[in-house]
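K.L.:
Structure of the sequence below:
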Amino acid sequence: MVARCADIVRSRLGVARGPVPTRAGATVACMAAVDRPLVLVLPGAGYGQQAPLLWWARTIVEEHGGEVVAPAWTVDEAARADPVGFVERAVEQALAGRRADLVVAKSLGCAALPWAVREGVPGVWLTPVLLWEPVAEALAAAGSEHVAVGGSADPAWRTERVPGTAARLQTVDGADHALQVAGDWRTSVRLQSDVLAVVDRAVSGVVGRGSTATRES
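P.N.:
You can find the predicted model right below:
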């Protein structure tokens, strides 16, 4: 644990090596930082971090005392040609060697599914594009620690492409790719509140377990 605290302090000070603060206060603060679960929040192509589902997801994490890593990105032709590679590179850069305890992702951000399944990081996947083969394959292989949510009016929500998955699949009746019901803002708000309750349960679960850094130290 002490070595892990030293790594965190050096990272935050931008120092590669050398002594770190040893005062009791610094040690306590570092222990608290290690114990905070880290949640990676990933946007869509046009659905940014300030869009409703991600804004409230971040708020949920912070209200539970977790730490949020929420990268933003610019989607270009290369990203469209290889969404999985694009998102995985962005994730690696955002985490900078740290390990996430949970992922909450929207649309393009769900291209992190192959990475999450490979690395054993649970996720809440909002409107994954199941037309993308690597994403569908990863969700099909995902365990029960993953939950994916899509709308019945979203053409990218093709659950027949993930047969036999152990992940929990939830279909929002009448919702489109934004998890909204066209022309009915009241229903949209109510349905999105239900979706955010799914996020809240997932975040509560990782808060209850403590951070990966703490468990592995």
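
K.L.:
now Leu130: how far from Trp56?
P.N.:
To Trp56, Leu130 is 24 Å away according to C-beta to C-beta, to the nearest Å. Quick note: C-beta positions are derived from backbone N, CA and C, even for glycine.

K.L.:
neighbour count winner among these two?
P.N.:
Leu130 (25 against 16; other C-beta atoms under 10 Å).

K.L.:
so where does the residue sitting nearest the centre point of the chain fall, helix or strand?
P.N.:
Here the mean C-alpha position of the chain is nearest to the C-alpha of Val103 (C-alpha atoms, centre = their mean), at a distance of 2.0 Å. Taking DSSP states H and E as the definition, Val103 sits inside strand 102-106.

K.L.:
try Ala175
P.N.:
Per DSSP H and E: Ala175 is located in neither a helix nor a strand.

K.L.:
residues touching the residue nearest to it when sequence neighbours are not counted, list them.
P.N.:
Nearest non-adjacent residue to Ala175, counting by C-beta to C-beta, 6 or more residues apart in numbering: Gly151, 3.0 Å away. Counting by C-beta atoms under 8 Å, 6 or more residues apart in numbering, Gly151 makes contact with Thr127, Trp157, Thr171, Val172, Gly174, Ala175, Asp176, His177, Leu179.

K.L.:
Who is the nearest residue to Ala148 once chain neighbours are set aside paired with across the strands?
P.N.:
Once flanking residues are discounted, Ala148 sits nearest to Trp125: 4.2 Å by C-beta to C-beta, 6+ apart. Taking DSSP bridges as the rule, Trp125 bridges to Ala105, Ala148.
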